[in-house]
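Colleague: Following is a predicted model, sequence given first.
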Amino acid sequence: MPNKNIFLPAAIIACMISFSAIAQNAKTQRTYCNPVDIDYTYMSHYRAERDVSYRSGADPAVVNFKGKYYMFVTRSHGYWVSEDMGSWRFIRPVSWYFSGSNAPAAAVRDGKVLVYGDPSGRGPIIETDNPELGDWKTNFAVLNPPGGIQDPNIFVDTDGRVYLYEESSNKWPIRGVELDPDNYYIPKGEQVDLFNLHPDNHGWERFGQDHRSDVAPFIEGPWMVKHDSTYYLMYGAPGTQWNVYADGVYTSDNPLGPFTYAPYNPVAYKPGGFLNGAGHGSAVMDNNGNHWHFSTMAISVNFKFERRIGMYPAGFEENGQMYVNTAYGDYPHYLPDVEVEDHKHRFTGWMLLSKDKPVKTNSVLTGVERNVADEHEKGYMLEQEEADYDISMINDENIRTLWVAESNSDSIWFEMDLGRSMTINAFQLNYQDFNANIFGKPDTLRQQFVIELSVDGKEWQTVVDFSENQEDRPHAYIELAEAVQGRFVRFKNVYFPNRYLAIGEFRVFGNGNGPRPAIPESFTVKRQSDQRNADIRWDAVDGAMGYVLYWGIEKDKLNNSVMIYNDDSYELRALTRGQEYYFAIEAFNENGISPLSGTTRVR
């Protein structure tokens, strides 16, 4: 349940939290909020060609080794470790790939962590029994299948046998081969072609934003999971830079197939909301026996491969159907060690309070062009947003727009009016890179700021003091130790490492303490002549901020969803020809969520 609320008058200090208290809270926090709050690495492997500075984190391979979680991420010059999936610490290994690992594979076998992520696509599997130190050893046995190894996955079966799956292509299929763990992990036999995309039948496999491009889609990022006696081979499609980047799954009773397409695909899909994408992921079991799906989420402004990491509850239904729950997937959720009634539903119920609320500031940048690597004319990324860096960009629930100040001065501030006094549980501060000049992973990065609250705009109380913060927190998620009341929120910058202070989104979570919206009425779903698409409509609900649309192939398993703001219709383009579906919808606002509508069956 959410923390107990504290109701306090304006003149009394409601909740004074020093930096040391915040740090203590980070170690004992109960919730998290996507994107995962880690010190994302500035990409350096394109520096000579483009000289565009941007952070990125993608293609996460997460394993549970001796009760700790290790996360390996593309081109990060190291990896992260966590004891709770909430607080992550970066490890600079003693030995590692000079160029950073590329779409790394990771697995655990016989007391060691195995990794393959050689950027060349050819090389040996490396291993260590001490990933905290990172003294990775090589066996010098170069794996060199035809076409090299792209987006690999190492799978260790329950019988100890080891398999390699790989591919990243808009031409070639996912491939698999058994490896010999007793002979330097070299292949046993030839690679086997397993499956490829079929976008003519599977709507979600089409390329482009909202699946609207004719460019050939990409299949990539396989990850194998075994549940009971069934093998679930996940794969990413149709392209990492799009809002519809997702993971699908094929199943088999054999690790090298033949595989059958799961009728409930895609299994991990998040095309709407603040930050989109749920593809090229990995599945890991926590220390409580529950599954989690880590995935790639897209920003794609500075470059098409500007990405972040998402984390979602996952698991298996009683009939073996795999699920990844992305509903309210960028709102606060409970961490693995917090006991909940149903692991599938870990949403805290803390609603978004800040969207489109009036904001004012003392600094807005004008007249400066953005330095980006833009490929939208080639069809490989979205067009750039209009060069408007106004303060209103800071709470429009769009990660691709941003407020930019004229400098990084400690005199810069902004103030938000929530409209009335509300219960506040958490903040999320999403910094962005505007004309940055940082590459690689310097250990000097940090963000310092103060957040104040007021109920009347006159008496202010400090609730977050990061003025002495020494950690790199580009997506700082701050869960308050106790809920507080406030109407006005003020941010004061202290230190920011780039030339321009730039924030993509400042988000406030809690409860507006007003009426929840009603159930949407006149809900209709009409499948188009192209059965991959459906037109969905409903009556707008007074007081609703947005809607969450659910669908699935069984009435009680509506496991796919999309969050929709500012609209009362949606064209869903992710369906499979010939497959029957069930649909339902709910409305939400800053006060909570309506009951779910009745289900609609569509053939």
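Modeller: Looks like it came in fine.
Colleague: just wondering, since we're on the spatially most central residue of the chain, how far is it from Gly111?
Modeller: For the chain, the residue whose C-alpha lies nearest the mean C-alpha position (Cα atoms, centre = their mean) is Gly310; its distance is 2.1 Å. As for Gly310, its distance to Gly111 is 30 Å (criterion: Cβ to Cβ, to the nearest Å). No exception for glycine: its C-beta is placed from N, CA and C like everyone else's.
Colleague: Is the residue nearest to the centre of the chain bridged to anything, and to what?
Modeller: Ser295 (DSSP bridges).
Colleague: Renumber starting at 24 from here on
Modeller: Yep, numbering from 24; the last one is Gly333 now.
Colleague: wait, isn't it in contact with Ile322?
Modeller: No. Using Cβ atoms under 8 Å, Gly333 makes no contact with Ile322, being 11.9 Å away.
Colleague: which neighbours do these two share?
Modeller: In terms of Cβ atoms under 8 Å, 6 or more residues apart in numbering, Gly333 and Ile322 are both contacted by the residues Leu298.
Colleague: Please enumerate the helices of this structure.
Modeller: Shown for the chain, the helices assigned by DSSP state H span residues 42-51, 70-73.
Colleague: Kindly report which one of the ones you listed carries the lowest mean pLDDT.
Modeller: Confidence, taken as mean pLDDT, is least for helix 42-51 of those (a mean of 46).
Colleague: OK, contacts around Leu619?
Modeller: Contact criterion Cβ under 8 Å, 6+ apart gives 542, 573, 607-609 as the residues in contact with Leu619.
Colleague: By mean pLDDT, flag the weakest helix or strand of this protein.
Modeller: helix 42-51 (a mean of 46; mean pLDDT, DSSP states H and E).
Colleague: What pairs with the lengthiest strand in the chain, parallel or antiparallel?
Modeller: Longest among the strand segments of the chain by residue count, using DSSP state E, is strand 498-518. Here strand 498-518 has these sheet partners by DSSP bridges: strand 436-454 (antiparallel), strand 471-477 (antiparallel).
Colleague: List the buried residues in the first one.
Modeller: Within strand 436-454, the residues that qualify as buried are 436-439, 441, 444-454, counting by 16 or more other Cβ atoms under 10 Å.
Colleague: what's the average pLDDT for that strand?
Modeller: Mean pLDDT, strand 436-454: 98.
Colleague: cool, and stretch 183-191?
Modeller: Mean pLDDT, computed over stretch 183-191, is 98.
Colleague: Would you mind writing the CA trace of it as CSV?
Modeller: Output in CSV follows, covering the C-alpha atoms of stretch 183-191 (Å, rounded to 0.1, in the frame of the first residue of the first chain):
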residue,chain,number,x,y,z
GLY,A,183,24.0,-28.2,-18.2
ARG,A,184,24.0,-28.1,-22.0
VAL,A,185,24.8,-24.6,-23.5
TYR,A,186,23.3,-22.9,-26.5
LEU,A,187,24.1,-19.8,-28.4
TYR,A,188,21.3,-17.8,-30.2
GLU,A,189,22.0,-14.7,-32.3
GLU,A,190,21.1,-12.3,-35.1
SER,A,191,20.4,-8.7,-35.8
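Colleague: what does that stretch contact?
Modeller: Stretch 183-191 is touched from outside by 126, 128, 130, 132, 139, 166, 168, 172-180, 196-204, 208, 210, 217, 241-247, 256, 278-279, with contacts defined as Cβ under 8 Å, 6+ apart.
Colleague: Any of the residues you listed buried? List them.
Modeller: With neighbours counted by 16+ other Cβ under 10 Å, those contain buried members at 126, 128, 130, 139, 166, 172-179, 197-202, 204, 208, 217, 241-247, 256, 278-279.
Colleague: Please name the nearest non-neighbouring residue to Asn418.
Modeller: Ser377 (4.7 Å; Cβ to Cβ, 6 or more residues apart in numbering).
Colleague: residue contacts, the one you found?
Modeller: For Ser377, the contacting residues are 418, 439, 441, 512, 529-531, taking Cβ under 8 Å, 6+ apart as the criterion.
Colleague: now do Arg550
Modeller: Counting by Cβ under 8 Å, 6+ apart, the residues that Arg550 touches are 556-557, 598, 625-626.
Colleague: from what I can see Gln493 touches Arg469, true?
Modeller: Yes. Counting by Cβ under 8 Å, Gln493 sits close enough to Arg469 to count as a contact (5.4 Å).
Colleague: Which one's more surrounded, those two?
Modeller: The residue with more neighbours, out of Gln493 and Arg469, is Arg469; 17 against 12, by other Cβ atoms under 10 Å.
Colleague: hang on, the earlier thing: in the longest strand of the chain, what's buried?
Modeller: Taking 16+ other Cβ under 10 Å as the basis for neighbour counts, the residues of strand 498-518 that come out buried are 498-503, 506-518.
Colleague: Give me the mean pLDDT for that strand.
Modeller: Per-residue pLDDT over strand 498-518 has a mean of 98.
Colleague: do the same with stretch 605-624
Modeller: Throughout stretch 605-624, pLDDT has a mean value of 98.
Colleague: end-to-end on that stretch?
Modeller: By Cα to Cα, to the nearest Å, the extent of stretch 605-624 from end to end equals 4 Å.
Colleague: Just give the nearest non-adjacent residue to Phe328, would you?
Modeller: For Phe328, ignoring the flanking residues on the chain, the nearest one in space by Cβ to Cβ, 6+ apart is Ser79 at 6.0 Å.
Colleague: For that neighbour, give me its contacts.
Modeller: If a contact means Cβ under 8 Å, 6+ apart, then Ser79 has 63-64, 66, 97-98, 326, 328-331 as its contacts.
Colleague: Recalculate using a threshold of 6 Å.
Modeller: Residues counted as contacts of Ser79 (Cβ atoms under 6 Å, 6 or more residues apart in numbering) are 66, 328-330.
Colleague: Looking at these, which are in strands?
Modeller: Per DSSP E, the subset of these in strands is Arg330.
Colleague: with the contacts of Ser79 in mind, which one is nearest to Pro289?
Modeller: Checking the contacts of Ser79 against Pro289 with Cβ to Cβ, the nearest one is Arg330 at 17.9 Å.
Colleague: Please enumerate the strands of the stretch 224-373 of the chain.
Modeller: 242-250, 253-260, 269-275, 283-284, 299-308, 314-321, 330-339, 345-347, 356-357 (DSSP state E, counting those that start in this stretch).
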